[in-house]
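>>> Predicted structure and sequence below. I'll ask about it afterward.
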Amino acid sequence: AQTVTQSQPEMSVQEAETVTLSCTYDTSENNYYLFWYKQPPSRQMILVIRQEAYKQQNATENRFSVNFQKAAKSFSLKISDSQLGDTAMYFCAFMKRNSGTYKYIFGTGTRLKVLA
Amino acid sequence: ETGVTQTPRHLVMGMTNKKSLKCEQHLGHNAMYWYKQSAKKPLELMFVYNFKEQTENNSVPSRFSPECPNSSHLFLHLHTLQPEDSALYLCASSFDWNTGELFFGEGSRLTVL
């Protein structure tokens, strides 16, 4: 069975600085997807960034980038130039397609606080 | 405006009550999901529906009863709940063979007394 581990329950970073959130996963699958989702306080969870396992190039979305190490089963998220609006819970997730739906395994989350 | 709307946002109920959570998506998606979010635990998948048909029931107790009358609406009927069922219940939807992204509602915060 797949598992996703986020070893940092809480982190903080000064505004404008860079922070990296860690995520490791365990699977015997070769084709899968990895995601980072953001859940701001009392607001809906939204997608931050996604990575297809078959792609070697690390995904980037503006200030957000990942370091995907397939052999090590590691998928960390780097947030550059942190902003107050980045304060949120961040969830790492593993996904396999399953006959038209998506089977997700989520980590326990990292609570990130950006300090002014 | 969010594409996935959940009501009510907050619900307090006694263990003998019967209540329902509602989810509506305006995105034209084919699949809808119920997740349970508890503090310091991973999101737990409860049910999955694809084109109104239930495709997954993740060993959820029968006191939780889902209903999906069409691809846009999803309900979670609650009866004789336990205090440990208190959690944030999230609804999500997705589109077949798209980017794999789940679109979430803001959640229904349930407290069982």
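Ah, there it is. Remember, it's a predicted structure, so these values are computed and weren't measured experimentally.
>>> what's near enough to touch residue 80?
I went with chain A, as the question did not name one. A:18, A:63-65 (C-beta atoms under 8 Å, 6 or more residues apart in numbering or on different chains). Bear in mind the C-beta positions are built from the backbone N, C-alpha and C, glycine included.
>>> um, chain B though
With C-beta under 8 Å, 6+ apart, B:Thr80 has these contacts: B:15-16, B:63.
>>> pLDDT weak spots in chain B?
Scanning chain B for pLDDT under 70 picks out B:1-2, B:96-98.
>>> Show me which residues of it sit near chain A.
Within chain B, the positions lying close to chain A (C-beta under 8 Å from any C-beta of the partner chain) are B:2, B:4, B:30-31, B:33, B:40-43, B:45, B:48, B:50-51, B:55-56, B:90, B:94, B:96-97, B:99-102, B:104-107.
>>> distance of the nearest residue to B:Gln54 once chain neighbours are set aside from A:Ala116?
Distance criterion C-beta to C-beta, 6 or more residues apart in numbering or on different chains; nearest residue to B:Gln54, sequence neighbours excluded, is B:Phe47 at 6.4 Å. When distance is defined by C-beta to C-beta, to the nearest Å, B:Phe47 is 41 Å away from A:Ala116.
>>> in chain A, which ranges drop under the pLDDT threshold?
In chain A, no residues with pLDDT under 70.
>>> Tell me if I'm right that A:Leu21 and A:Ser82 touch.
No. Using C-beta atoms under 8 Å, A:Leu21 is not in contact with A:Ser82; the gap is 11.4 Å.
>>> State the three-state secondary structure for the residue nearest to the spatial centre of chain A.
Nearest residue to the geometric centre of chain A (C-alpha atoms, centre = their mean): A:Trp36, 2.8 Å. Assigned by DSSP: H, G, I helix; E, B strand; the rest coil, the conformation of A:Trp36 is strand.
>>> go on, the one 5 residues further on?
Assigned with three-state DSSP, A:Pro41 falls in the coil class.
>>> Tell me the spacing between the residue nearest to the centre of chain A and B:Ser94.
A:Trp36 is 17 Å from B:Ser94, by C-beta to C-beta.
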